[in-house]
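Asker: fold the following and give me the result.
(one chain, ligands or ions: 1)
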Amino acid sequence: MSFTSEKIQHLPPYFFSAVDKKKKELLAQGVDVIDLGIGAPDLPTPPFVIEKLKAELDNPKNGTYSPYSGIREFREAVASFYLQNYGVTLDPDTEVLALIGSKEGIANIIPAVVNPGESILVPDPGYPVYRTSAYLSGVHAIDFPLKPENSYAPDFSQLSEENMEKAKLLFLNYPGNPTAATVDLSVFEQAVSFGKDHSMAVVHDAAYSLVTFGEYKAPSILEVPGAKDVALELGSLSKSYNMTGWRIGYAVGNPEMIQALANLKSNIDTSQFMAIQKAAAAALTSDHAAVKENNDIYYERMKKMVQALNSIGIDVDLPKGAFFIWAPVPEGYSSASFAEKVLSEAGVIITPGHLFGPSGEGFFRLSMSVPNDRLDEAVKRMANLKTGVKS
Ligand SMILES: *Cc1c(COP(=O)(O)O)cnc(C)c1O
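Answerer: Purely as a prediction, here's the structure:
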């Protein structure tokens, strides 16, 4: 007797649950583990957002079902955010949809747009959810290798003719997880014209849209003229506003994809708690000063860690967005053997690159989302690693 479907039996367990297990074992042995594998902010949700939620909790109307597409106030806030930040005009009724976090949007956009047996292109290395969501929808994920020599921007010229014709949807993600790669608008221009040339939907995962450093500002794919013909953008309050547990995000762009996604979702969920939507609307229509404060903290952490890595001969540049450092493992190591070494010699959890796709082999990811004192300790331990490489 089995109560687990074949599909789930063959689904690899979400990697981070395996790491949690290992971490618990080490902690039980008394090892002072520092976890730089976590992909979520350690900083708190800004107080004004929490205050807004508290005020909304007293309104009993918020306890009823939300409209399927999200409340109008939230969809208008998203539209106003796009106008303010990107100069992009969105119709809150047909071009904006509330999501229960962008991960939900990724999982549902695939069956909403692509038929079982068809194919999509997923960034390699990339966020593992694209691949597993495709698998769950019976859709074939084709790796789209992103190369360091191309700054992890897509190189459309190296895709085979066959894959270009086969793929129905392309995922992009900038600032990127795990690579922290950023792009300028010209990359999105290429992606939009590529999508148009090959009748391919282009879904941009903009989870780190506001997590940027220095003078750099991440563009929206919808800034490309005519982008709405083929492009959908997924956004989230999780990483910018430290609201991972609140589960609130949005899809914007191509009205046909918005409609298909809304239709699918209305049969599965009934959108997010209205009080959360209202608090998220307050965040989106704010001046984002709270996000800038967080970004400054991440940037300081980045600088310290990049310096430590450079001092042991690991060559990395300072990223312009996201809160990750993506670095090559020293010579003589695989991603897995280096992660093992760093954990056993420094007590630091890092994420081996191959978990983000075959092109991630030979790299590792460090997340800057631990409190400053722990990050300083991790920096110290990393700087003392004996990598066998002279800087
Ligand atoms: C964290 C993350 C998400 C998921 O964010 P939620 O909105 O919390 O679901 C999506 N994409 C990438 C690349 C992420 O790193």
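
Asker: so what's Asp229 up against?
Answerer: By C-beta atoms under 8 Å, 6 or more residues apart in numbering, the contact set of Asp229 is 192, 196, 254. All C-beta spots, glycine's among them, are computed from the backbone N, C-alpha and C.

Asker: do you know how far the last one is from Val203?
Answerer: In this case it means Asn254. For Asn254, the distance to Val203 equals 9 Å [C-beta to C-beta, to the nearest Å].

Asker: do me a favour and get the end-to-end distance for stretch 339-357?
Answerer: End-to-end distance for stretch 339-357: 16 Å, by C-alpha to C-alpha, to the nearest Å.

Asker: kindly report the same for stretch 330-339.
Answerer: Terminal residues of stretch 330-339 are spaced 11 Å apart (C-alpha to C-alpha).

Asker: now do stretch 54-66
Answerer: Stretch 54-66 end-to-end distance (C-alpha to C-alpha) = 18 Å.

Asker: measure the residue nearest the centre of the chain to Lys52 for me?
Answerer: In the chain, the centroid-proximal residue (C-alpha atoms, centre = their mean) is Ala207; its distance is 4.6 Å. According to C-beta to C-beta, Ala207 stands 22 Å off from Lys52.

Asker: same question for Val113.
Answerer: Distance, Val113 to Lys52, using C-beta to C-beta: 34 Å.

Asker: same question, Thr89
Answerer: Distance, Thr89 to Lys52, using C-beta to C-beta: 26 Å.

Asker: number of nearby residues for Glu25?
Answerer: 11 (other C-beta atoms under 10 Å).

Asker: Three-state assignment for it, please.
Answerer: When classified by DSSP: H, G, I helix; E, B strand; the rest coil, Glu25 comes out as helix.

Asker: and the contacts of the longest helix anywhere in the chain?
Answerer: Taking DSSP state H as the criterion, the chain has its longest helix at helix 289-311. Surrounding helix 289-311, the residues in contact under the criterion C-beta under 8 Å, 6+ apart are 41, 43, 46, 48-49, 210-214, 240-242, 283, 315-319, 323, 325, 327, 366, 368-369, 372, 375-376, 378-380, 382-383, 391.

Asker: could you do stretch 77-86 as well?
Answerer: 88-92, 95-96, 219-220, 222-223, 235, 250, 252, 280-282, 284-285.

Asker: can you select the buried ones among those for me in ChimeraX?
Answerer: Buried residues among the contacts of stretch 77-86 (16 or more other C-beta atoms under 10 Å), as a ChimeraX selection:
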select :88,90,92,95,96,219,220,222,235,250,252,280,281,282,284
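
Asker: among the contacts of stretch 77-86, which ones are in helices?
Answerer: The members of these that map onto helices under DSSP H are 280-282, 284.

Asker: closest one of these to Ser337?
Answerer: Closest approach to Ser337 among the ones in helices among the contacts of stretch 77-86 (C-beta to C-beta): Ala280, at 42.3 Å.

Asker: ramachandran coordinates for Gly117?
Answerer: phi 90, psi -20 (degrees, to the nearest 10).

Asker: for it, give me its contacts.
Answerer: Counting by C-beta under 8 Å, 6+ apart, Gly117 touches 138-140.

Asker: and the gap between it and Lys168?
Answerer: Using C-beta to C-beta, Gly117 is found at 11 Å from Lys168.

Asker: tell me who's in contact with Glu56.
Answerer: By C-beta under 8 Å, 6+ apart, Glu56 lies in contact with 62, 274-275, 278-279.

Asker: partner residues bridging Leu169?
Answerer: Ile120, Ala201 (DSSP bridges).

Asker: just to check, it is in contact with Val114?
Answerer: Yes. Between Leu169 and Val114 a contact is recorded at 5.5 Å, counting by C-beta atoms under 8 Å.

Asker: now do the shared contacts for those two.
Answerer: Jointly contacting Leu169 and Val114 under the rule C-beta under 8 Å, 6+ apart are Ile120.

Asker: quick one, strands of the stretch 101-250 of the chain?
Answerer: Secondary structure of the stretch 101-250 of the chain by DSSP state E, counting those that start in this stretch: the strands cover 119-124, 140-145, 167-172, 201-205, 231-236, 249-253.

Asker: number of residues surrounding Asp317?
Answerer: 12.

Asker: quick one: which helix or strand includes it?
Answerer: Per DSSP states H and E: Asp317 is located in neither a helix nor a strand.

Asker: can you give me the pLDDT of Thr295?
Answerer: You called it Thr, but residue 295 is Asn. Looking at Asn295, its pLDDT reads 96.

Asker: now swap in Val389 and tell me
Answerer: Confidence score, pLDDT, at Val389: 55.

Asker: how much space between Leu99 and Ala206?
Answerer: From Leu99 to Ala206 the distance is 12 Å (C-beta to C-beta).

Asker: ok, Ala107 next?
Answerer: Ala107 is 17 Å from Ala206, by C-beta to C-beta.

Asker: looking at those two, which one has more neighbours?
Answerer: Using other C-beta under 10 Å as the criterion, Ala107 and Ala206 rank with Ala206 on top: 25 against 19.
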